[in-house]
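Colleague: Got a predicted model here, sequence first, then my questions.
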Amino acid sequence: MTVKDVAEKITSMEIRGALDIGLAAASALLEEVEAGKSFREVEASGEILKNARPTAVSLPNAVEYCLFALNQSKDNSIAAKTIQDFIKLQEDSVEKIGRYGSRLIKNGDIILTHCNSDTVVKVFEYAKNAGKKFEVYATETRPRNQGYLTAKAVRNLGIPVTLIPDSAVNYCMKEKNVDMVMVGADTVYTNGDVVNKIGTSQVALIANAEEVDFNVATGTIKFSPQSLYGVGVEIEERDPKELVEIEGVNVFNPAFDVVPKEHVTRIITEDGVIPPEAAYNIVKEKFGWRAGK
Ligand code: RI2
């Protein structure tokens, strides 16, 4: 696939999920590096990929890392190896998060999730393989119903799963005695705020009111070094047609919202389970190569 093909698939959400869009971008740039393209050419491709979707920082982080690798080594084969290692590291990270996150799940737990995060599903997989018995409630996640993907993936793991409309979160949290919420992330700011699929902040608000733990499972690739310098992400607004078309009616279709750190109990990363306040340390430690940007 060419860089343009990959960018189009990211924009159309044929390739989606914060980690997967970052890895798809890195793989597309890897091909160019392996083909011997110059830094300028790879940089131009990186721009196309970064513009494919605006909210998940895993996308610009992955692109910037590939450019850094090429610029540092000034040697395409060394850079290619560095990028391959980077991709492998991200894949290994999801396994670690699965392992660490699974330890938070207890027998009999009722867990509510929103949208579709491969990272969260990995946590469920590790918990199931550790012999834990628990149930999952998955929201539909309108307008694209990505909760259906979650429900099918959880079902395929042999874990009892129930789909609910997004509007039933408050009711279910009480009626079904939800023990914890577990969601993924598209971006984590240095102050600990978490950007995730639209509706996540409402789920967090309800969890907070009900004193239910709100857990976020995410690799550190989704932490935002830009936020250290005061730059937030753009909240993507998608085509209103994804929601509905009614003549004479305006439709607003934002794709993400922000959970304030006060509503986040903990963040499960490949570097360990951290309080949201520790996001700053993660950015300082992991994104040193980007310092001063
Ligand atoms: P993983 C998704 O974004 C969802 O918001 C999900 O919570 C997040 O990425 C993280 O997903 P979208 O691409 O990286 O569906 O954990 O808009 O798979």
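Modeller: Happy to help now that I have it. Numbering: from 1, shown residues only.

Colleague: Which parts of the chain belong to which domain?
Modeller: Domain assignment for the chain by automatic domain parsing gives 3-95, 97-291.

Colleague: now those as TSV including mean neighbour count and mean pLDDT?
Modeller: For the C-beta atoms, the positions are set from N, CA and C on the backbone; glycine is no exception. TSV is the format used below for the domains of the chain (neighbours: other Cβ atoms under 10 Å; pLDDT from 0 to 100):
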stretch	mean neighbour count	mean pLDDT
domain 3-95	19	98
domain 97-291	19	97
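
Colleague: Kindly present the ones you listed as JSON lines, with separate columns for distance to the ligand.
Modeller: Output for the domains of the chain, formatted as JSON lines (distance: least, Cβ to the nearest ligand atom, whole Å):
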{"stretch": "domain 3-95", "distance to the ligand": "3"}
{"stretch": "domain 97-291", "distance to the ligand": "3"}
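
Colleague: so where does the residue nearest to V161 when sequence neighbours are not counted fall, helix or strand?
Modeller: Leaving aside its chain neighbours, V161 sits nearest to V154 (4.1 Å; criterion: Cβ to Cβ, 6 or more residues apart in numbering). Secondary structure assigned from DSSP states H and E places V154 in helix 147-156.

Colleague: what element comes up after that helix heading to the C-terminus?
Modeller: Downstream of helix 147-156, the next assigned helix or strand under DSSP H and E is strand 161-164.

Colleague: Does that next one pack against any helices or strands, and if so which?
Modeller: strand 135-139, helix 147-156 (3 or more Cβ pairs under 8 Å, 6 or more residues apart in numbering; DSSP states H and E).

Colleague: Can you tell me which of those is nearest to V169?
Modeller: Closest of those to V169 is strand 135-139, at 6.4 Å (criterion: Cβ to Cβ).

Colleague: circling back to that earlier point, what about the helices and strands packed on strand 161-164, which gets the closest to L23?
Modeller: Per Cβ to Cβ, nearest to L23 of the helices and strands packed on strand 161-164: helix 147-156, 17.4 Å.

Colleague: residues in contact with that closest one?
Modeller: 113-117, 120-121, 124, 136, 138-141, 161-163 (Cβ atoms under 8 Å, 6 or more residues apart in numbering).

Colleague: redo that, cut-off 7 Å
Modeller: Defining contact as Cβ atoms under 7 Å, 6 or more residues apart in numbering, one finds that helix 147-156 is touched by 113, 115-116, 121, 124, 136, 138-141, 161, 163.

Colleague: These: which two are farthest apart?
Modeller: F124 and E140, at 18.0 Å, using Cβ to Cβ across these.

Colleague: chain center to the helix holding V154: distance?
Modeller: 17 Å (Cα atoms, centre = their mean, to the nearest Å).

Colleague: Next: stretch 181-196.
Modeller: With Cα atoms, centre = their mean, you get 8 Å for stretch 181-196.

Colleague: Between its first and last residues, how far does it reach?
Modeller: Stretch 181-196 stretches 13 Å from its first residue to its last (Cα to Cα, to the nearest Å).

Colleague: now stretch 183-194
Modeller: First-to-last residue span, stretch 183-194, Cα to Cα: 10 Å.

Colleague: One more: stretch 111-118?
Modeller: Stretch 111-118 end-to-end distance (Cα to Cα) = 16 Å.

Colleague: Check stretch 265-274 too.
Modeller: Start-to-end span of stretch 265-274 (Cα to Cα) is 9 Å.

Colleague: likewise stretch 254-263?
Modeller: Length of stretch 254-263, first residue to last, Cα to Cα: 21 Å.

Colleague: Name the single longest helix found in this structure.
Modeller: helix 76-102 (DSSP state H).

Colleague: those strands in this protein, which residues are they?
Modeller: Taking DSSP state E, the strands of the chain run over residues 110-113, 135-139, 161-164, 180-183, 187-188, 194-197, 213-217, 256-259, 266-269, 272-274.
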